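*Asks:* Mind looking at a prediction? Sequence and model below.
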Amino acid sequence: MNRSRRTRGIRQASSAGTYLRLGIGVLAAVGMAGCATSTTTPARQESAPPKPASSAASAPATPAAAHGVEGTLADVPWSKVGPGWALAVWSPATPHRPGEQQAPGEPAGEDAGSTLFLVDPAGDRYPITTFAPGANMDLVDWSGDGSHALFTQFVATRSSVLSVDLHTGVQTALSGVGQPRFTRPNGTALLISTHFNGAEPGTLKRVDLQGNLQMTYPTEQLGGAGQFSGAFAESPDGKQLVLGTANLNNDLVPRADNSLVVLDNDGTVVRRLAAPMPKALCAPVKWWTA
């Protein structure tokens with residue numbers, strides 16, 4: 001972005017799938033699972049940048065101005081936003097190694113606000129909205145229709161969720177604690193999960209873009225398969241989910257028959273899938289479409 005400052009939270013629109021640190025194909029399911037032994041924790045899911053809907057997604061954007069010069073929100077050619085475009089959060093604060101001194105007048109990280117930019121494939125950028133100093137927002141998802149971005153913020157012992165309308169820059173704070181993700185295919189709602197805590201199962205709920213509860217999924221026993229681990233994958237059409245179990249094979253949860261469970265999006269259990277590894281905690285990380 002032609003700035004000698006910090007850029008963080010970059011997310012690119014792409015037709016590619018989720019990058020996996022660890023993945024094992026589950027041929028009986030339409031998913032992939034990352035597994036670890038029962039004494040370790042499986043790799044957490046990396047949310048994939050979706051492909052925003054576009055009538056001309058592959059067409060190059062018309063530069064807003066000379067390369068490196070910002071346009072405005074009104075200049076965004078929304079019909080061309082698609083693969084190759086990116087969202088980036090930029091702060092004027094310069095990062096320093098431990099012991100390094102800031103230059104006189106240089107803004108400190110906690111005193112500097114940050115700006116969300118939409119960046120086209122040619123490097124032209126459009127400011128969408130700004131965040132307050134010290135907000136430290138993490139970009140976690142981009143809706144499939146390209147209209148909203150999702151952020152989380154962790155402060156002390158609590159976390160918060162913020163949805164940004166990319167067409168207007170309006171920020172909406174959402175209630176609830178957990179790991180949020182836009183629903184597929186278009187991001188018309190949010191799925192928010194929490195991870196298991198010992199013998200306490202994880203939770204999964206769906207809320208609208210204003211944070212109003214639409215549905216709480218039954219995750220206590222998952223049709224007899226065991227408690228929900230908190231990890232899940234959603235089908236590209238949004239009609240089904242694959243949830244992981246957390247049968248820990250320990251004093252709290254003596255069961256060791258870990259499995260993956262397929263649900264319809266109304267919470268109905270469709271079937272159970274055997275885990276790829278015995279006595280291992282497996283987490284669904286990607287819906288397999290090949």
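*Replies:* Now that the structure is in, tell me what you want to look at. Numbers count the residues shown, from 1 in each chain.

*Asks:* And Ala74, its phi and psi?
*Replies:* Dihedral angles of Ala74 (phi, psi; degrees, to the nearest 10) stand at phi -70, psi -20.

*Asks:* Give me the neighbour count for it.
*Replies:* Neighbourhood size, Ala74 [other C-beta atoms under 10 Å]: 6. All C-beta spots, glycine's among them, are computed from the backbone N, C-alpha and C.

*Asks:* Over to Arg272?
*Replies:* By other C-beta under 10 Å, neighbour count at Arg272 equals 18.

*Asks:* Who does it form a beta bridge with?
*Replies:* When bridges are taken as DSSP bridges, the partners of Arg272 come out as Val261.

*Asks:* if I look at it, how far off is Lys205?
*Replies:* Note on Arg272: its distance to Lys205, by C-beta to C-beta, to the nearest Å, is 22 Å.

*Asks:* Check Glu110 too.
*Replies:* When C-beta to C-beta is applied, the distance between Glu110 and Lys205 equals 33 Å.

*Asks:* For those two, work out which one has more neighbours and name it.
*Replies:* A direct count of neighbours by other C-beta under 10 Å for Glu110 and Lys205 places Lys205 higher, at 17 against 10.

*Asks:* what's near enough to touch that one?
*Replies:* If you count contacts by C-beta atoms under 8 Å, 6 or more residues apart in numbering, Lys205 has them with Gly176, Gly178, Leu191, Ile192, Leu213, Gln214, Met215, Thr216, Tyr217.

*Asks:* what helix or strand does it sit in?
*Replies:* Assigned by DSSP states H and E, Lys205 belongs to strand 203-208.

*Asks:* Give the other helices and strands that the following helix or strand past that strand contacts.
*Replies:* Tracing the chain C-terminally past strand 203-208 and defining elements by DSSP H and E, one meets strand 213-216 next. In this structure, strand 213-216 makes packing contacts with strand 203-208, judged by 3 or more C-beta pairs under 8 Å, 6 or more residues apart in numbering; DSSP states H and E.

*Asks:* rewinding a little: I'd like the contacts of Lys205 as JSON lines, with distance to Phe232 appended.
*Replies:* Putting the contacts of Lys205 into JSON lines (distance: C-beta to C-beta, whole Å) gives the following:
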{"residue": "Gly176", "distance to Phe232": "16"}
{"residue": "Gly178", "distance to Phe232": "12"}
{"residue": "Leu191", "distance to Phe232": "8"}
{"residue": "Ile192", "distance to Phe232": "11"}
{"residue": "Leu213", "distance to Phe232": "18"}
{"residue": "Gln214", "distance to Phe232": "16"}
{"residue": "Met215", "distance to Phe232": "14"}
{"residue": "Thr216", "distance to Phe232": "14"}
{"residue": "Tyr217", "distance to Phe232": "9"}
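
*Asks:* Out of those, which end up buried?
*Replies:* Buried positions within these, assessed by neighbour count (16 or more other C-beta atoms under 10 Å), are Gly176, Gly178, Leu191, Ile192, Tyr217.

*Asks:* gap between Pro92 and Pro104?
*Replies:* Distance, Pro92 to Pro104, using C-beta to C-beta: 15 Å.

*Asks:* same deal with Asp266?
*Replies:* Counting by C-beta to C-beta, the separation of Asp266 from Pro104 is 60 Å.

*Asks:* which of these two has more neighbours?
*Replies:* Between Asp266 and Pro104, counted using other C-beta under 10 Å, the more crowded position is Asp266 (8 against 5).

*Asks:* Do you know the pLDDT at that one?
*Replies:* Predicted confidence (pLDDT) for Asp266: 92.

*Asks:* Look up how far Pro236 lies from it.
*Replies:* Asp266 sits 18 Å away from Pro236, going by C-beta to C-beta.

*Asks:* Then Pro107?
*Replies:* Between Pro107 and Pro236 the computed distance is 42 Å (C-beta to C-beta).

*Asks:* Same question for Gly202.
*Replies:* Gly202 sits 23 Å away from Pro236 when distances are taken as C-beta to C-beta.

*Asks:* Of the two, give the one with the bigger neighbour count.
*Replies:* The neighbour count for Gly202 versus Pro236, taken as other C-beta under 10 Å, is higher for Gly202 (24 against 14).

*Asks:* and the spatially closest residue to Leu174 that is not a sequence neighbour, how many neighbours?
*Replies:* Closest residue to Leu174 apart from its sequence neighbours, by C-beta to C-beta, 6 or more residues apart in numbering: Gly211 at 3.8 Å. Around Gly211 sit 15 other residues, with neighbours defined as other C-beta under 10 Å.

*Asks:* Great, nothing more from me.
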